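1. here's a sequence, model it:
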Amino acid sequence: MFSKVLAFGLGALAIVRAAPAFSFQMPMLSCSPNFDTSVAAVKANAIEPGRYLLYNEAWGDKQPSQLRGYAVGEPVFVAYSDLEPGVFGVWDVIHSESEGSDEYRLVNLGLRAAASVFKDQVVTSQSGENFEIEPAGNGLFTIKVPNENLVWTVDTPNINRLKSNVYLRQQVGALAAKWKLVRV
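-> As a prediction, the model looks like this:
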């Protein structure tokens, strides 16, 4: 059995020209593969395109506090609410078509509108924009404007604040700028 496996393996190497043709009387085998391929950089923990619920780490990951948008052209927000956002709290994360890009479009399933920037806030619009989604450790991510140090950030919750729009602010590593993306 071993000789059959050895013969098969060496024959396969010969087919891909990783080894010269041989016979079993050959005393040594020389292997020098020649690959004409390039390897693209792959980021560890890169997010996979798909459908997600987005939770801000400062607000927790209870379903009623997920990111939502209810009207095109209006700011997206997180809130403590008894109202289930349904499809208005579900986001399609679509990878940019650019080779090697870390940019994504986030499209609200209920509105069929993409996240976009208006002044210092994240809103939904029909045209939408691309954002970078970068690992922030412990299964969390930052969502940022490409080539800038501006990240999606919310105001931290308290007894008087049960809702916060999403703002673009300088990246400082705060929990309010870290997001959990839960695939659905």
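2. give the contact list for the residue nearest to the spatial centre of the chain.
-> With the centre of the chain defined as its mean C-alpha position, the nearest residue by C-alpha atoms, centre = their mean is Ile47, 2.4 Å away. By C-beta atoms under 8 Å, 6 or more residues apart in numbering, the residues touching Ile47 are Val93, Tyr104, Ile133, Phe141, Leu181. For glycine as for every other residue, the C-beta is placed from the backbone atoms N, C-alpha and C.
3. so how far is Gly86 from it?
-> When distance is defined by C-beta to C-beta, to the nearest Å, Ile47 is 23 Å away from Gly86.
4. can you check Lys119 too?
-> Distance, Lys119 to Gly86, using C-beta to C-beta: 28 Å.
5. one more: Leu109?
-> In this view, Leu109 and Gly86 are 9 Å apart by C-beta to C-beta.
6. between those two, which one's more packed in?
-> Using other C-beta atoms under 10 Å as the criterion, Leu109 and Gly86 rank with Leu109 on top: 17 against 10.
7. the closest residue in space to that one that isn't next to it in sequence: neighbour count?
-> Excluding the flanking residues, the one nearest Leu109 by C-beta to C-beta, 6 or more residues apart in numbering is Val90, at 4.1 Å. As a burial measure, Val90 scores 19 neighbours (other C-beta under 10 Å).
8. my guess is Gln121 contacts Asn165. True?
-> Yes - Gln121 is in contact with Asn165 according to C-beta atoms under 8 Å; the separation is 5.6 Å.
9. overlap in contacts of these two?
-> Joint contacts of Gln121 and Asn165 (C-beta under 8 Å, 6+ apart) are Pro75.
10. perfect, that will be all.
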